[in-house]
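Colleague: only geometry, no sequence info:
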Ligand code: SIN
Ligand code: MN
């Protein structure tokens, strides 16, 4: 079931069934075996993120003391990021409406207590491409607002298998994750939540 919950913000609830979620998780496990999750820090003062991160695709998004950026290699191993698995690329092809592949799949892992402050996805060159975001594992309270930080916000629970598409008027809107709900999914053996954020980075 697909629902436009704000102008340009499409929630495809239950887009992936149980077996598709399990298959996707297997593919992501292989990615993080090659490109381990690490804990990034915020620009300038170096405060650690509460999530751990990795990437796949030609360009990975990262944050460190010198800022936010995309780069082609893992900051710890220095290896190129693994390829985006076919199962993930298919979600982009089917839902993005964009005539070209995603270049970055950011992997965020939320253990109990992790969250993501309100922010905009704005380090890309091409804002005509949407952001496609896949939820796996425990449920999350996702908050979305408008074009400025103090715009009014609404919240929605994202469940395992849900896919959110931030396009058009919502592409550059503020959003974040206030909390996850431990024990609400048994997809991940050790609990927690994985979010995959697919983005086009460069102009076509
Ligand atoms: C993000 O916007 O970086 C992550 C969103 C999510 O975890 O659902
Ligand atoms: Mn984001």
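Modeller: Structure's in. What do you need? Note that the coordinates shown come from a computational prediction; the quantities given were computed from them, not determined experimentally. Ligands and ions are numbered 1, 2, ... in the order given.
Colleague: do you have the helices of this structure handy? List them.
Modeller: Counting by DSSP state H, the segments of the chain that form helices are 18-34, 86-95.
Colleague: nearest residue to the closest residue to ligand 1 within the chain in space, please, no chain neighbours.
Modeller: Shortest the chain-to-ligand 1 distance, computed as CB to the nearest ligand atom: residue-wise this is residue 195, at 3.3 Å. All C-beta atoms are positioned from the backbone trio N, CA, C, and that covers glycine. Closest residue to residue 195 apart from its sequence neighbours, by CB to CB, 6 or more residues apart in numbering: residue 108 at 4.5 Å.
Colleague: for the one you found, name its beta-bridge partners.
Modeller: Taking DSSP bridges as the rule, residue 108 bridges to residue 53, residue 195.
Colleague: and it, what does it touch?
Modeller: Under the criterion of CB atoms under 8 Å, 6 or more residues apart in numbering, the contact list for residue 108 reads 51, 52, 53, 116, 194, 195, 196, 197.
Colleague: how about the contacts made by residue 181?
Modeller: The neighbours of residue 181, taking CB under 8 Å, 6+ apart as the test, are 138, 139, 140, 141, 157.
Colleague: from memory the first one sits against residue 179, does it?
Modeller: No - here residue 138 lies out of contact with residue 179, judged by CB atoms under 8 Å, at a distance of 9.9 Å.
Colleague: let's see the pLDDT reported for residue 160.
Modeller: If you check residue 160, the pLDDT there is 99.
Colleague: how about the contacts made by the closest residue to it other than its chain neighbours?
Modeller: The spatial neighbour of residue 160 that comes closest, neighbours along the chain excluded (CB to CB, 6+ apart), is residue 185 at 4.6 Å. For residue 185, the contacting residues are 137, 138, 139, 159, 160, 191, 193, taking CB under 8 Å, 6+ apart as the criterion.
Colleague: is it true that the fifth one touches residue 187?
Modeller: Yes - contact between residue 160 and residue 187 holds when scored by CB under 8 Å: they sit 5.2 Å apart.
Colleague: those two: who's more crowded?
Modeller: Using other CB atoms under 10 Å as the criterion, residue 160 and residue 187 rank with residue 160 on top: 23 against 19.
Colleague: and the more buried one, how far is that from residue 129?
Modeller: Distance of residue 160 to residue 129, computed by CB to CB, to the nearest Å: 25 Å.
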